[in-house]
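S.K.: please find the sequence and the predicted model below.
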Amino acid sequence: MPAPEVTLSEPPRTSPASYRAIGVKPLNPTVGAEITGVDLAQPIPQNVAAELRRAFEEHMVIFLRGPAIDHEAHARLAKVFGKPHVAPSTVQWRVEGHPEVTKIHADGDSKYVAGEDWHSDMSCDPEPPMGSVLYLHTLPPLGGDTVFASMYAAYEALSDTMKATIADLRAVHSSAKSFGDKVARDLELPTSSHPMVRTHPVSGRKALFVNRGYTTHIEGLPAQESEAILRFLYEHVANPNFQCRFTWSSHAIAIWDNRCLQHMAIWDYFPQTRSGFRIQIQGDRPV
Ligand SMILES: [Fe+2]
């Protein structure tokens, strides 16, 4: 089925030439940029950190390709964007001595991989992480891309009638939907209610905030209506017009904004290995 035609407003971006300390190469007009010129082996200078934050705000997800980094360098990079978020649902994948670092790993023994379906990380938490910094050191020979979709673009492409319908609705996000069959039975898993449309605290733009990975239902609607609206929105957010797709290389890093993006890890490389580490960054309660 062809993707529906949509007209998107241009995101407010500065010219790549306006960056002095880093190189910024947008992947497409909507979302994503590759960054060059950052030495992660050293402390990150203030002017580089400021431009990394600007590129993150303007492009929603930024990518760096570099040499291997250790947990300390990973944490230094994450700190440019905020404090670490330690999610209750990921306790069994935490790296010893580095509670903020989660191991992300898939190989020939895996029964599932993290983030196979469209989602915004830990939207089940009352204050979901605003961002995630994923570093992959081991890649399959082919495949294992990650796809990112702009929820600004998804929201803007809705009809005025649909925007009005969901404007004041809230949806429930449950960790059990994503992690219920993967973690210890006695682990307490968070459930949170969030507005279906959130306003980004930095850009002030509206973004759609329901996802197939965590959202269970819309509050105050009969189950069938809730399911029908959510099913439509889940199909809507997967429109390729809203996306960029990143092909990883060994030691590449992706830093994305969970407040205005959804992403999906493509598991097309079984039984090959894809492995790395993730640090999430504290966010605030969606409004
Ligand atoms: Fe994820």
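M.R.: The structure has been received and is ready for your questions. Residues are numbered from 1 along each chain as shown.
S.K.: how about the worst-scoring helix or strand of the chain on mean pLDDT: buried residues?
M.R.: Lowest by mean pLDDT, DSSP states H and E among the helices and strands of the chain is helix 175-179, with a mean of 78. By neighbour count on 16 or more other C-beta atoms under 10 Å, the buried set for helix 175-179 is 175-179. No exception for glycine: its C-beta is placed from N, CA and C like everyone else's.
S.K.: got the contact list for the residue most central in space within the chain?
M.R.: The C-alpha lying nearest the average C-alpha coordinate of the chain belongs to Asn258 (C-alpha atoms, centre = their mean; 4.3 Å). Residues in contact with Asn258 (C-beta atoms under 8 Å, 6 or more residues apart in numbering) are 120-123, 128-132, 283.
S.K.: so which residues on the stretch 1-150 of the chain come close to the ion?
M.R.: 115, 121 (C-beta under 5 Å from the ion).
S.K.: ranges for the strands of the stretch 151-287 of the chain?
M.R.: For the stretch 151-287 of the chain, the strands defined by DSSP state E, counting those that start in this stretch occupy 170-174, 191-195, 197-199, 206-208, 215-218, 243-246, 252-257, 261-265, 274-281.
S.K.: show me what residue of this structure gets nearest to the ion.
M.R.: Residue of the chain nearest the ion, by C-beta to the ion: Gly115 (3.5 Å).
S.K.: burial of that residue, as a residue count?
M.R.: 21 (other C-beta atoms under 10 Å).
S.K.: what's the answer for the one 10 residues further on, then?
M.R.: A count of nearby residues for Asp125, using other C-beta under 10 Å, gives 22.
S.K.: pretty sure it sits against Ser192.
M.R.: Yes. Counting by C-beta atoms under 8 Å, Asp125 touches Ser192, with 6.3 Å between them.
S.K.: the chain: helices as residue ranges?
M.R.: 46-59, 71-79, 151-156, 160-166, 175-179, 223-237 (DSSP state H).
S.K.: could these be laid out in a markdown table, adding distance to Ser110?
M.R.: What follows is the helices of the chain, written out as a markdown table (distance: least, C-beta to C-beta, whole Å):
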| stretch | distance to Ser110 |
| --- | --- |
| helix 46-59 | 30 |
| helix 71-79 | 23 |
| helix 151-156 | 28 |
| helix 160-166 | 36 |
| helix 175-179 | 15 |
| helix 223-237 | 24 |
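S.K.: Gly108 is nearest to which of those helices?
M.R.: Smallest distance to Gly108 across those (C-beta to C-beta): 22.4 Å, for helix 175-179.
S.K.: just how off-centre is the closest one within its chain?
M.R.: What separates the centre of helix 175-179 from the centre of its chain is 17 Å, taken as C-alpha atoms, centre = their mean, to the nearest Å.
S.K.: give me the contact list for it.
M.R.: For helix 175-179, the external contacting residues (C-beta under 8 Å, 6+ apart) are 88-89, 119, 122, 124-125, 189-191, 213-216.
S.K.: alpha carbons of the least confident helix or strand of the chain, as CSV, please.
M.R.: The C-alpha trace of helix 175-179 is given here as CSV (Å, rounded to 0.1, in the frame of the first residue of the first chain):
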residue,chain,number,x,y,z
SER,A,175,6.2,-1.8,31.2
ALA,A,176,4.6,-5.2,31.4
LYS,A,177,3.6,-4.9,27.8
SER,A,178,7.3,-4.8,26.8
PHE,A,179,9.0,-6.6,29.6
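S.K.: which two among the contacts of Asn258 are spaced furthest apart?
M.R.: For these, and using C-beta to C-beta, no pair is farther apart than Ser123 and Gly131, which are 13.1 Å apart.
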